[in-house]
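1. next input, structure requested:
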Amino acid sequence: LTGHQFDDYSLKVSYIMDMDAASPVQTPRTRRGGRSSRDQGTPQPGPSGSFGSPRIRQPDFPLRMLVPTQFVGAIIGKEGLTIKNVTKQTQSKVDIHRKENAGAAEKPITIHSTPEGCSSACRMILDIMHKEANETKT
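-> Model (predicted):
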């Protein structure tokens, strides 16, 4: 994202160690306490369709960004569809911290993914905000 242009501003990104972030060794995410297919011992086809050894997954990194409060609704989208689309397309977990600092001008968003996934999700969120700003003449 360093050097990416947004509204005549050039972004500069740096990484800060986060002591509150999850440890590098993470358990696979599951929904509502269920077991993922990876935990059940049945071999699953890899990206090429073969049943070889599984691909090594890079550890997830947290990326935090602040967005103006007026854009949070556009980022979430109707019935959450926009944020679900960002999550699906970038293979990232996106948390919008709406309840923190009620009344604040900015809301934090945390993206958990690979560095590439974080960059893609961040770009998509910036594009959503840019589109909303143009539509609302903000």
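
2. buried ones in the biggest helix by length in the chain, by neighbour count?
-> For the chain, the longest helix by residue count, based on DSSP state H, is helix 115-136. Under the neighbour-count criterion of 16 or more other C-beta atoms under 10 Å, helix 115-136 has 117-126, 128-129, 132 buried. For glycine as for every other residue, the C-beta is placed from the backbone atoms N, C-alpha and C.

3. can these go into JSON lines with extra columns for pLDDT?
-> As requested, the buried residues of helix 115-136 are arranged in JSON lines below (pLDDT from 0 to 100):
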{"residue": "G117", "pLDDT": "94"}
{"residue": "C118", "pLDDT": "94"}
{"residue": "S119", "pLDDT": "94"}
{"residue": "S120", "pLDDT": "95"}
{"residue": "A121", "pLDDT": "96"}
{"residue": "C122", "pLDDT": "95"}
{"residue": "R123", "pLDDT": "96"}
{"residue": "M124", "pLDDT": "96"}
{"residue": "I125", "pLDDT": "96"}
{"residue": "L126", "pLDDT": "95"}
{"residue": "I128", "pLDDT": "96"}
{"residue": "M129", "pLDDT": "95"}
{"residue": "E132", "pLDDT": "94"}
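
4. contact partners for L66?
-> With contacts defined as C-beta atoms under 8 Å, 6 or more residues apart in numbering, the neighbours of L66 are 106-109.

5. buried only: go through these for me.
-> Neighbour-count burial within those applies to 107, 109; the criterion is 16+ other C-beta under 10 Å.

6. need the max-distance pair from the contacts of L66.
-> E106 and I109 (9.8 Å; C-beta to C-beta).

7. mind saving the C-alpha coords of the host helix or strand of P108 as PDB?
-> Following DSSP states H and E, the helix or strand that holds P108 is strand 106-113. These are the backbone C-alpha positions of strand 106-113, laid out as PDB (Å, rounded to 0.1, in the frame of the first residue of the first chain):
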ATOM      1  CA  GLU A 106     -13.300   7.800  13.200                       C
ATOM      2  CA  LYS A 107     -13.900   4.000  13.800                       C
ATOM      3  CA  PRO A 108     -11.100   1.400  13.800                       C
ATOM      4  CA  ILE A 109     -11.200  -1.500  11.400                       C
ATOM      5  CA  THR A 110      -9.000  -4.600  11.900                       C
ATOM      6  CA  ILE A 111      -8.200  -6.900   9.000                       C
ATOM      7  CA  HIS A 112      -6.700 -10.300   9.700                       C
ATOM      8  CA  SER A 113      -5.100 -12.000   6.700                       C
END
